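Undergrad: compute the structure for the input listed below.
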Amino acid sequence: MEEKRMELPLGIDDFHEIRTGNYYYVDKTAFIQTIVSGKGKVQLYTRPRRFGKSLNLSMLKYFFSIGTDPALFTGLAVSKDTEFCQQYMGKYPVILLSLKDVAGIDFNDACQQLKNQMFYLWLNIYHELMDSDRIPAFMKQKIEEATQADAQNTGILADSLRLMTVCMERLYGRRVIVLIDEYDVPLEKAYANGYYDQMVSLLRGFFSSALKSNPSLQTAVLTGCLRISKESIFAGLNNMTVYTIHDAVADEYFGFTEEETEKMLEYYGLKAYQNTVREWYDGYLFGNTSVYCPWDVIQYCAAAVNSGSTKPENYWINTSGNDILRKLIETVNAEGTLEDIEKLIAGETVKKNVQMNLTYRDLDETPENIWSLLYTTGYLTKAADEKSADRMCLKIPNREVRETFVQQAGEWFREGKARRTEDLKMLYHGVECGNASELQTAFSDFLSRTIGVRDWNSHTGLRENFYHGVMLGLLENGAWDISSNREAGEGYSDIWVRDRNYRFGAVMELKYIQSENPAEETLERAADQALEQIEKKDYTAGLRKDNVPVIHEFGIVCYRRQCFVKVKAA
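TA: Presented below is the predicted three-dimensional model:
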């Protein structure tokens, strides 16, 4: 009988569920041995979101927890070290606390959410503790206070994690392993919602009491996006070791390596799309290891297997807002910022001072700090040839993130275009009426007055992305449906436009000429090639299917701060 193919673990970060269900698992269990041999009683691993932090902590929980099922680890890397497993597997009480949902709109709301997380942890062991002769009466009274106290009693809330470790050590006779996932989310949300100092004060007590000089603690492992030490939430915690994305420790345990990705694609019959997956989702350099975003790879495989779609999508970017990039775009008036964005979109690197101890409060001190946040959260990565001791060479890791930069660049133009209403009227009229001269004049005027594109020696296709994003931003007017890289005919058109009353439609194909003063015939030839591509790939098929009566095909050639436009009726 043919073995049933394993399912893809879409959105599943529970190790037990993956191992007992028929789910594909990329073996990261060697990370367990890294934890045991690691320096520091408290270890913090900072990685971008969606890189397997939660699943790794779940794996640690099931390995160390008293009463665990050894079968969960059968055939995995850690099981090969039988002596290690005999010494550590199933030997400790474990607390796994996730703070990713502590995201209140105000401080009281956040306190209630933290109390809720602690309450459910107490619920798992409440009856064992209350029925045990090992727990003295005064400690049972403390447990009642912790589970019943108002969330606004921050003194009890701040001490609740330490109390839990003491009680569990008493109950099981072994020191406790504490695992805290997304420890910095409460600070991120507090910063965004205006109760930052209150949250810092609460977490300082919460973490310090449990992790500093706590004889009931065996070891603690924390994960998050930022290394937050200057906040003093870990005040005096000299037993803590931090491993960031810059360190060559555990660098292969968060994210998929090239070999792991290739193996997964081959298993699901998608080996032919490996280059596509690499272009879109690879490129992150953690320590000395190049890794793929695991969320993206799994989502891509699932889409291909379940619906047959092999078109790459922006899976990682779409899991949350892009406030960080919007904050970067807000700094375009800072010296060189827009030029840096253009360079990154064009596939080049920028050298920046990167602070690994960045705090949320630091973000407002200087625009330079936004680069550190972009690096630690995965929007940028270090270049492999980075050599500077005090400045880091940063780049966009892959096409998925690059397209998001393009979209945000387009938003900057859209937000600023209100000041240029007459030019916009000309641009819109040119698109609606198929007037190449008007579109060319209006677009060139925007380029000449707003961007400083230099004649870099970069791949032409990457440069086209920037102009693509600018045009998208300008076309958004509330009366038209606009699409980027829309599937049409036998390919994907650069820009697709349709009036919402179906009066007209347009398809645009953009090209870039890497020359300062290209000859007229060079521009016309490139525009003709763009129009030929529209015809050959039949990009107007969808508009014709919608019975749009007037369809314009635009071949747009950009070169530095100018453009050349040709138009043809479909």
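Undergrad: give me the phi and psi angles of L510.
TA: Torsion angles at L510 (phi, psi; degrees, to the nearest 10) stand at phi -100, psi 140.
Undergrad: the one 10 residues further on now?
TA: Dihedral pair for E520: phi -60, psi -40, per degrees, to the nearest 10.
Undergrad: let me know the pLDDT of it.
TA: With respect to pLDDT, E520 scores 84.
Undergrad: can you check L285 too?
TA: pLDDT, read off for L285, is 94.
Undergrad: so how far is H246 from it?
TA: According to Cβ to Cβ, to the nearest Å, L285 stands 9 Å off from H246. C-beta: built from backbone N, CA, C; applies to glycine.
Undergrad: shared neighbours of those two, anything?
TA: Applying Cβ atoms under 8 Å, 6 or more residues apart in numbering, one finds that L285 and H246 are jointly contacted by K382.
Undergrad: just checking, L439 touches L427?
TA: Yes - the criterion here is Cβ atoms under 8 Å, and L439 meets it with L427 at 6.1 Å.
Undergrad: which helix or strand lies directly C-terminal to the worst-scoring helix or strand of the chain on mean pLDDT?
TA: The helix or strand of the chain with the poorest confidence is helix 323-330; it has a mean of 60 (mean pLDDT, DSSP states H and E). Note on helix 323-330: by DSSP states H and E, the next helix or strand toward the C-terminus is helix 337-345.
Undergrad: that next one - contacts with which helices or strands?
TA: Helices and strands touching helix 337-345, by 3 or more Cβ pairs under 8 Å, 6 or more residues apart in numbering; DSSP states H and E, are helix 323-330, strand 350-352, helix 399-416, helix 460-475.
Undergrad: looking at these, which has the lowest confidence?
TA: The weakest mean pLDDT among those belongs to helix 323-330, with a mean of 60.
Undergrad: so which of L439 and L427 has more stuff around it?
TA: L439 (28 against 24; other Cβ atoms under 10 Å).
Undergrad: and the more buried one, how far from N124?
TA: 64 Å.
Undergrad: same question, T82
TA: Distance from T82 to N124, by Cβ to Cβ: 30 Å.
Undergrad: please enumerate the helices of the stretch 1-150 of the chain.
TA: Listed in chain order, the helices found in the stretch 1-150 of the chain under DSSP state H, counting those that start in this stretch are 15-20, 30-37, 53-64, 82-88, 107-131, 137-148.
Undergrad: and those as a markdown table, adding mean pLDDT?
TA: Formatted as a markdown table, the helices of the stretch 1-150 of the chain follow (pLDDT from 0 to 100):
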| stretch | mean pLDDT |
| --- | --- |
| helix 15-20 | 97 |
| helix 30-37 | 96 |
| helix 53-64 | 98 |
| helix 82-88 | 97 |
| helix 107-131 | 94 |
| helix 137-148 | 92 |
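Undergrad: in TSV, list the ones you listed along with mean neighbour count.
TA: Formatted as TSV, the helices of the stretch 1-150 of the chain follow (neighbours: other Cβ atoms under 10 Å):
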stretch	mean neighbour count
helix 15-20	17
helix 30-37	16
helix 53-64	23
helix 82-88	13
helix 107-131	16
helix 137-148	14
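Undergrad: for the ones you listed, give me a markdown table that also has distance to Q533.
TA: Below are these laid out as a markdown table (distance: least, Cβ to Cβ, whole Å):
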| stretch | distance to Q533 |
| --- | --- |
| helix 15-20 | 44 |
| helix 30-37 | 48 |
| helix 53-64 | 43 |
| helix 82-88 | 59 |
| helix 107-131 | 52 |
| helix 137-148 | 66 |
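Undergrad: quick one: closest of those to N314.
TA: Taking Cβ to Cβ, helix 53-64 is the member of those nearest to N314, at 20.6 Å.
Undergrad: specify the angle between that closest one and helix 30-37 in degrees.
TA: 70 degrees (axes from the mean of the first three to the mean of the last three Cα atoms, to 10 degrees).
Undergrad: what's near enough to touch K395?
TA: L344, G347, E348, T349, V350, L380, T381, K382, A383.
Undergrad: 10 Å instead?
TA: When contacts are counted by Cβ atoms under 10 Å, 6 or more residues apart in numbering, K395 touches 283, 285, 343-344, 347-350, 380-384, 386, 401-402.
Undergrad: distance of the residue lying closest to F31 once chain neighbours are set aside from L380?
TA: Take F31 and drop its neighbours on the chain: the residue closest to it by Cβ to Cβ, 6 or more residues apart in numbering is Y253, 4.1 Å away. Going from Y253 to L380 by Cβ to Cβ gives 21 Å.
Undergrad: likewise S160?
TA: On the measure of Cβ to Cβ, S160 and L380 end up 37 Å apart.
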